[in-house]
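>>> Take this sequence and fold it.
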Amino acid sequence: MNRLDDLLSRLDMTRLPRHVAMIMDGNGRWAKQRGEQRSEGHAEGVVSVRKVTELSSDLGISYLTLYAFSTENWNRPKEEVDLLMHLIGITIERETPYLVSNNVKLRLVGDIDRIPEASRMRLLRCAEETSGCTGLTLCMCLSYSSRWELTEAAKKIALQCARGELTADQIDENTVASCLDMAGVPDPDLLIRTGGEQRISNFLLWQIAYSELYFTPTLWPDFGKEAYAEALLDYQRRERRYGMTSEQIAGDTDTNANTPKAQ
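Residues are numbered from 1 along each chain as shown. All right, here's what the predicted structure looks like:
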């Protein structure tokens, strides 16, 4: 038995997260360590995306959300941004047949209008061609930040109030959630960040209120199926209390709840 099979054999398939989110960090450092251009790190990172998507699909995980490009990333050198946009576009175009054949739906999240037209069209075509898929939903966060998402949600709510469709007293958590770009997607059970940094970096701040956080020093291009399986095993060793006591959790048969029962 190889190491991956050993790790997978130890997983409790009844307690897998429904939704896993990932901050893919370390491409540039991976390339620098090898004396290569940052572009090589980004290209190698695409391989890791394929690996985590495959394993998520194989395990029956319902949602995988990847932080591919933040609004802050627009401030990087233009040459690197242009390369990333091109790489994202051609990669999605190349991977579309794989996504369709494996019943994976692509959902685009973020200020997609800022993406250069050629890459944006490739992304939109993939989203359209996979729209009927019913397996894993791959949420790709591009030109995204949580503060942007929350600001846009506030604008939508303000417009509803201005049109008389909503009053201030009617605004609650469900109202906000329904106006987010991630509306309709359950909150992540597990958030993984690679690359050794231990911060959230403006990612899914509303949605991760009760997510389990997993930080690993592994750089993203080295984060394959084995590293992913290790993160899932770590997740299963945790007790998710949602503000309740251990005794209350012990009496609750729904151990893989995705919505907090208490705050």
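>>> Look up which helix or strand the residue nearest the centre of the chain falls in, please.
The centre of the chain sits closest to residue 65, judged by CA atoms, centre = their mean, with a distance of 1.8 Å. Taking DSSP states H and E as the criterion, residue 65 maps to strand 63-70.
>>> What residues of the helix or strand following that strand count as buried?
Next in sequence after strand 63-70, counting helices and strands by DSSP H and E, comes helix 78-101. Within helix 78-101, the residues scored as buried using 16 or more other CB atoms under 10 Å are 83-85, 87-89, 91-93, 95-96, 99-100. For glycine as for every other residue, the C-beta is placed from the backbone atoms N, C-alpha and C.
>>> just stretch 226-246 next, same as before
Under 16+ other CB under 10 Å, the buried positions of stretch 226-246 are 226, 227, 228, 229, 230, 231, 232, 235, 236, 240.
>>> What confidence value was assigned to the residue of the chain most remote from its centre?
Most distant from the centre of the chain: residue 164, at 34.8 Å, with distances by CA atoms, centre = their mean. As predicted, residue 164 sits at a pLDDT of 97.
>>> Kindly report the same for the one 3 residues further on.
Among the per-residue scores, residue 167 shows a pLDDT of 97.
>>> Please enumerate the strands of the stretch 101-250 of the chain.
105-109, 137-144, 190-193, 212-215 (DSSP state E, counting those that start in this stretch).
>>> Would you convert these into a markdown table that also reports mean neighbour count?
Converted to a markdown table, these look like this (neighbours: other CB atoms under 10 Å):
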| stretch | mean neighbour count |
| --- | --- |
| strand 105-109 | 21 |
| strand 137-144 | 24 |
| strand 190-193 | 24 |
| strand 212-215 | 17 |
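>>> Tell me where the model's unsure across the stretch 101-250 of the chain.
The stretch 101-250 of the chain contains residues with pLDDT under 70 at 249.
>>> one more time with 90, if that's ok
239-250 (pLDDT under 90).
>>> returning to that earlier point: and the buried residues of stretch 226-246, which is closest to residue 114?
residue 228 (29.9 Å; CB to CB).
>>> Quick one: residues contacting that closest one.
Listed by CB atoms under 8 Å, 6 or more residues apart in numbering, the contact set of residue 228 reads 51, 52, 55, 192.
>>> Now do it against residue 16, distance only.
When distance is defined by CB to CB, to the nearest Å, residue 228 is 12 Å away from residue 16.
>>> again with residue 207
18 Å.
>>> Residue 148 too?
To residue 16, residue 148 is 30 Å away according to CB to CB.
>>> now do residue 145
28 Å.
>>> the helices in the stretch 151-263 of the chain, which residues?
Remark: helices assigned in the stretch 151-263 of the chain by DSSP state H, counting those that start in this stretch are 173-178, 225-236, 246-250.
>>> Please render the ones you listed as a markdown table that adds distance to residue 59 to the earlier fields.
What follows is the helices of the stretch 151-263 of the chain, written out as a markdown table (distance: least, CB to CB, whole Å):
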| stretch | distance to residue 59 |
| --- | --- |
| helix 173-178 | 26 |
| helix 225-236 | 8 |
| helix 246-250 | 24 |
